[in-house]
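Colleague: no letters, just coordinates:
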């Protein structure tokens, strides 16, 4: 079974404008409200690709109920911890000449509610896949990723981590199955600017030396690179297409990788190509990738 964890999910209010002027009334010409958060995006795309998962995390208030309603509509299972006070955060994403985001802070999460999530994770068994993705709200400890991985260590659970610099570096000692930084994040981890594939591979290997098994580096329009635990590496250009919405593209790559790995019974090259195609399919669409969109792009890169 596949599980995803989103510690700080959101209801994303997405608007498009011809132009945006601060301090003035601005009128939108497109708007949409979507449940968001990296783990939730992974679960939705997995469902679109034909694979069942269970979305875990915390929800609260009317916004939390809307996220669950939307997941029900997608046919995605969920088992969130309900918070009795506050509401799941609202993120505003403004797309005009430039993209501007205003992210909410999220509700308070007590230690008792944190233990409820741990209890759900304790039910995972050998062969399960767990995706830990996204930011940590201020009311959770900074080492929550580490606590979870330490708790599940040695149980044969494949753990995938897609998180920012410090969170990612701190979990490497627990040997995550897959991590997915982008090329800029990878450089930032080591205080360098990476400009060539060779440099990216060199520093990705350093993450393996620190404990990561497989490292998937997304490079936006330049494609992606995968380094595997057995010493192989693969490079793929990005499929051709018009960028419409970059939100969720990285999460879609993770979902595509899991799908390809599962369907090929562990072939990394297949998983890699499926990940690249799925990430691009989301980037070229108003919504998250669907199976037909992914398969069409897959034919152009293999």
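Modeller: Received it, and whenever you're ready, just let me know what you need. Small disclaimer: the values here were computed from a predicted structure and weren't measured.
Colleague: in three-state terms, label residue 169 for me.
Modeller: helix (DSSP: H, G, I helix; E, B strand; the rest coil).
Colleague: ugh, wrong one, I meant residue 15
Modeller: Look at residue 15: counting by three-state DSSP, its state is strand.
Colleague: excluding its backbone neighbours, what's nearest it?
Modeller: Closest residue in space to residue 15, ignoring its immediate chain neighbours: residue 28 at 4.2 Å, by CB to CB, 6 or more residues apart in numbering. In short, each C-beta sits where N, CA and C put it, glycine included.
Colleague: for that neighbour, what are its contacts?
Modeller: Applying CB atoms under 8 Å, 6 or more residues apart in numbering, we find residue 28 in contact with 15-17.
Colleague: pick the one among these closest to residue 277.
Modeller: Relative to residue 277, the closest of the contacts of residue 28 is residue 16; by CB to CB it sits at 25.8 Å.
Colleague: and the most centrally placed residue in the chain, what is it in contact with?
Modeller: Nearest residue to the geometric centre of the chain (CA atoms, centre = their mean): residue 251, 3.3 Å. Residue 251 sits next to 38-39, 41-42, 45, 133, 162, 282 when contact means CB under 8 Å, 6+ apart.
Colleague: can you add pLDDT and neighbour count and give those residues back as CSV?
Modeller: As requested, the contacts of residue 251 are arranged in CSV below (pLDDT from 0 to 100; neighbours: other CB atoms under 10 Å):
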residue, pLDDT, neighbour count
38, 93, 24
39, 96, 26
41, 95, 29
42, 97, 33
45, 97, 31
133, 92, 24
162, 92, 25
282, 94, 30
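Colleague: out of the contacts of residue 28, which is most surrounded?
Modeller: Of all the contacts of residue 28, residue 15 has the most neighbours under the rule other CB atoms under 10 Å, reaching 19 neighbours.
Colleague: for that residue, give its distance to residue 268.
Modeller: Distance, residue 15 to residue 268, using CB to CB, to the nearest Å: 39 Å.
Colleague: residues in contact with stretch 280-289?
Modeller: Here stretch 280-289 has contacts from 32, 34, 41, 44-45, 48-49, 238-239, 241-246, 248-249, 251-252, 255-256, 278-279, 290, 293-294, 296-297, using CB under 8 Å, 6+ apart.
Colleague: apply 7 Å and report the result again.
Modeller: With contacts defined as CB atoms under 7 Å, 6 or more residues apart in numbering, stretch 280-289 is touched by 41, 44-45, 48, 238-239, 241-246, 248-249, 252, 278, 293-294, 297.
Colleague: and stretch 227-238, what's its mean pLDDT?
Modeller: For stretch 227-238, the mean per-residue pLDDT is 93.
Colleague: how long is that stretch from one end to the other?
Modeller: Using CA to CA, to the nearest Å, the end-to-end distance of stretch 227-238 comes out at 17 Å.
Colleague: again with stretch 20-36
Modeller: Note: stretch 20-36 ends 23 Å apart using CA to CA.
Colleague: in that stretch, what's buried?
Modeller: By neighbour count on 16 or more other CB atoms under 10 Å, the buried set for stretch 20-36 is 20, 34-36.
Colleague: chain center to that stretch: distance?
Modeller: Remark: stretch 20-36 is offset 24 Å from the chain centroid, using CA atoms, centre = their mean, to the nearest Å.
Colleague: ok, which pair from the buried residues of stretch 20-36 is furthest apart?
Modeller: Once CB to CB is applied, these give 20 and 35 as the farthest pair, at 24.3 Å.
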